[in-house]
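Asks: Test case, fold it:
(2 chains)
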Amino acid sequence: MATLTRARDNSKRRPLAVWRWVILLVAAVYFLLPLYAALRFAGLHAFGTVFVQPGFWPSLWLSARLAAMTVLITLALMVPTAVYVHLRLPALRRLLEGITILPIVIPPVVLIIGVLQVAPGVLKASPWLLGLAYVILALPFAYRAIDAGLRALDLKTLTEAAGSLGAGWVTTLWRVLLPNLRTALLSATVLTVALVLGEFTMASLDLFVTFPVWIVQTDQLNAQVSEAASIFALFVTWLFLMLITLIGTRQSRRTGGGQVTLFTVTRTETRGN
Amino acid sequence: MQETETVGTALGSVADADPRVPRSRTAVARKAGRAIGRLAGIIPFGAYVTLGLVIPMIAVGYGAFRDPNTNRLTLGNVNIATHGVYLTGFKESIILSVLASIIPGIFGLLIAYAIFTAKRASLLRQVVITASGVFANFGGVPLAFLFIASFGSTGLATTWLNDLGFNIYDAGFNLYTLSGVVLVYMYFQIPLMVLVILPALEGLRPAWREAAENLGARSWQYWRYVGGPVLLPSFLGCVLLLFGSALSAYATAEALTSGTIPLTSIQIGSFLNGNVQAGQGNVGMALGLGMVVIIAIVMVLYVLLQRRAAKWLR
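Replies: Here you go, the predicted structure:
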């Protein structure tokens, strides 16, 4: 049925195909041209010298620890909450979506003022405060990725089957749901890492030299190296995301589940249309 | 979870045993008990958001009305924040955000639709979506630099276009003014739009299009009477989201304009960096409060639109 529809669509939407490629071509030029220009300016040799710059490793190490902390807290907080809301409080899904979108629109520069106002002194002196704040910033992306993963599963059947086999809540979550949510969790992880590796506003105002702050500091001394470092980070993050979705797609094909592409999910069901 | 259920029923059965309690009230009590028990599952999330988002925002709101020297409540901060250069800042921020939400909103929708109609598991689709996830988080000095290298007065694209006989700077474009900042913001706004609008596109059922075609509708008629109206609330909601994202952008604006355009987020940042006159320490919080008020209005509209969109999608 699906193939039939698609075949007919293709014959009917010939002009659309041209239109689609024009749009994608314009987008490709807009997104790749600045990258190319910056690459040309930085020069390939700059990539080799990035790793020996003073401050590179300490800042990257700090950012890596912050990223690990943010990912752990975000997943520990959001996975049970999202599963619970999907199963028990579906009426609240929209509210949860609304709350988790807030950090996109609330200016980080305002949030950090408030956080610095109310945080206890012990936390203020430590970079972990940043990690705790990053969990808030990561909510929009992490929640959407997890939500897409959950929508691809037949959650009710899975939990009921697990329950009827005697599994408790924790066992179900850990041994049934988490393995099924692997792709979604990986997406959430990489998106969170991308966020932490790119977040400048809060880190600089909280006066910690994370990787993005180091990039800006280095920019004043050696713009080429700093550019090479940021393009490198961009590319590596994208590569990881790409790998994850490719592996995830192959897996879901094998298991016959819905296909997860980061935020959206293609269901195989036909009823309800 | 299991426990909360039992607690709920236990409360209910106690009330059942009491003959003086009317039956309907027992049912209500049992229902309420169960609802409260169910809500227990989202306490950790609620607590985290309260501590990390709500309380800091309240602190900003409180600070906006406090005199830092005397600790008394005052309208002075708000008064300063809504006049002169700060008022200009709000105006410029809003103009910038409107432009940097509508234009990328349209482009993002087109790109999302282009990959949505592509084959489901195609490589193209995966590349665009993953790249969107990464680019949506890109910003600050590195992003500003990308555009200085390409669209600066001696940038690559500027030179190329100049060789072709078109000088964009003569045509009124300038990377360090409004037009330039909008162009740069699109670099993270378009990917954000692609990510947030895709779920709405997924909600457009192929069956609707087939039904329209069976009834003899042309493509434009489908969009005018079916697809467009269904998609419009989602589209506007996503544009509002982009508005908030543009308004709250700080690192990119600072790296690019370094004060050539008065923007509220940069003005707040300068208060945090300590570049302010004595006694005005809390004006930054008043500015923050102003932004939160704008955001709150935007979010109310967003929720209303989402509710309307939910009627048809999913």
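Asks: And for the closest residue to residue B:130 other than its chain neighbours, the neighbour number?
Replies: If you skip the residues right next to it in sequence, residue B:130 has residue A:241 as its closest partner in space, 4.0 Å away by C-beta to C-beta, 6 or more residues apart in numbering or on different chains. Heads up, the C-betas are built off the backbone N, CA and C, glycines and all. Using other C-beta atoms under 10 Å in any protein chain shown as the criterion, residue A:241 is surrounded by 26 other residues.
Asks: Within the helices and strands, which one has residue A:241?
Replies: Assignment of secondary structure by DSSP states H and E places residue A:241 within helix A:223-255.
Asks: And that helix, how far out from the chain middle?
Replies: For helix A:223-255, the gap between its own C-alpha mean and the chain's C-alpha mean amounts to 11 Å (C-alpha atoms, centre = their mean, to the nearest Å).
Asks: next one: stretch A:105-117
Replies: Put simply, stretch A:105-117 sits 21 Å off its chain's centre (C-alpha atoms, centre = their mean).
Asks: From the rest of the structure, what touches it?
Replies: A:103, A:124, A:129, A:133, A:136-137, A:199, A:201-202, A:205-206, B:52-53, B:55-60, B:63, B:241, B:243-245, B:247-248, B:250, B:265, B:268-269, B:272, B:284-285, B:288, B:291-292, B:295, B:298-299 (C-beta atoms under 8 Å, 6 or more residues apart in numbering or on different chains).
Asks: show me the contacts for the residue nearest to residue B:130.
Replies: For residue A:241, the set of contacting residues under the criterion of C-beta under 8 Å, 6+ apart consists of A:187, A:190, A:191, A:194, A:262, B:130, B:133, B:134.
Asks: so which one among those residues has the lowest pLDDT?
Replies: Comparing pLDDT over the contacts of residue A:241, residue A:262 scores lowest. The value there is 52.
Asks: what ranges do the strands span in chain B?
Replies: Counting by DSSP state E, chain B has no strands to list.
Asks: so where's it shaky on pLDDT?
Replies: Applying pLDDT under 70 to chain B flags the ranges B:1-25, B:119-121, B:259, B:274-281, B:312-314.
Asks: Residue ranges of each domain in it, please.
Replies: As given by automatic domain parsing, the domain ranges for chain B are B:2-64, B:76-310.
Asks: Work out for me the element the residue most central in space within chain A sits within.
Replies: The residue at the geometric middle of chain A, judged as the C-alpha nearest the mean C-alpha position with C-alpha atoms, centre = their mean, is residue A:191 (1.8 Å). With elements delineated by DSSP H and E, residue A:191 resides in helix A:182-198, which encompasses its position.
Asks: Check which helices and strands that helix sits against.
Replies: Other helices and strands packing on helix A:182-198, by 3 or more C-beta pairs under 8 Å, 6 or more residues apart in numbering or on different chains; DSSP states H and E, are helix A:56-88, helix A:128-151, helix A:211-221, helix A:223-255, strand A:259-261, helix B:123-135.
Asks: Mean pLDDT lowest where, among the ones you listed?
Replies: Mean pLDDT, when computed for each of the helices and strands packed on helix A:182-198, is lowest for strand A:259-261, at a mean of 49.
Asks: Tell me, how many residues neighbour the residue lying closest to residue B:172 once chain neighbours are set aside?
Replies: Closest residue in space to residue B:172, ignoring its immediate chain neighbours: residue B:179 at 7.1 Å, by C-beta to C-beta, 6+ apart. By the other C-beta under 10 Å criterion, the neighbourhood of residue B:179 contains 14 residues.
Asks: What of residue B:310?
Replies: 13.
Asks: Mind putting the helices and strands packed on helix A:182-198 into CSV with distance to residue B:199?
Replies: CSV is the format used below for the helices and strands packed on helix A:182-198 (distance: least, C-beta to C-beta, whole Å):
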stretch, distance to residue B:199
helix A:56-88, 15
helix A:128-151, 8
helix A:211-221, 29
helix A:223-255, 16
strand A:259-261, 11
helix B:123-135, 12
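Asks: of all these, which lies closest to residue B:304?
Replies: Nearest of the helices and strands packed on helix A:182-198 to residue B:304, taken as C-beta to C-beta: helix A:128-151 at 19.5 Å.
Asks: what's the angle between that closest one and helix A:223-255?
Replies: If you take axes from the mean of the first three to the mean of the last three C-alpha atoms, to 10 degrees, helix A:128-151 sits at 30 degrees to helix A:223-255.
Asks: quick revisit: could you measure the residue nearest to residue B:130 against residue B:291, distance?
Replies: With distances taken as C-beta to C-beta, to the nearest Å, residue A:241 is found 31 Å from residue B:291.
Asks: give the contact list for residue A:204.
Replies: Here residue A:204 is in contact with A:213, A:216, B:251 (C-beta under 8 Å, 6+ apart).
Asks: Mind doing that once more with 7 Å?
Replies: By C-beta atoms under 7 Å, 6 or more residues apart in numbering or on different chains, the contact list for residue A:204 reads residue A:213.
Asks: Grab the nearest non-local neighbour of the residue in the stretch 201-314 of chain B that chain A sits nearest to.
Replies: Nearest to chain A in the stretch 201-314 of chain B, going by C-beta to the nearest C-beta, is residue B:244, at a distance of 2.7 Å. Leaving out its chain neighbours, the residue that sits closest to residue B:244 by C-beta to C-beta, 6+ apart is residue A:105, at 2.7 Å.
Asks: got it, and residue A:137?
Replies: The shortest distance from residue A:137 to any residue that is not its chain neighbour, by C-beta to C-beta, 6+ apart, is 5.1 Å, and that residue is residue A:103.
Asks: And the residue nearest the centre of chain B, how far from residue A:206?
Replies: Among the residues of chain B, the smallest C-alpha distance to the mean C-alpha position (C-alpha atoms, centre = their mean) belongs to residue B:241, namely 3.0 Å. Distance from residue B:241 to residue A:206, counting by C-beta to C-beta: 26 Å.
Asks: Kindly report the same for residue B:258.
Replies: 21 Å.
Asks: Comparing those two, which residue is more hemmed in?
Replies: For residue B:258 against residue A:206, the residue with the higher neighbour count under other C-beta under 10 Å is residue A:206, and the figures read 19 against 11.
Asks: Based on its surroundings, how many neighbours for the residue lying closest to the more buried one once chain neighbours are set aside?
Replies: On the basis of C-beta to C-beta, 6+ apart, the spatially nearest residue to residue A:206 that is not a chain neighbour turns out to be residue A:130, at 5.7 Å. By other C-beta under 10 Å, 24 other residues sit near residue A:130.
Asks: quick one: residue A:130 and residue A:219, what's the gap?
Replies: Using C-beta to C-beta, one obtains 21 Å as the distance from residue A:130 to residue A:219.
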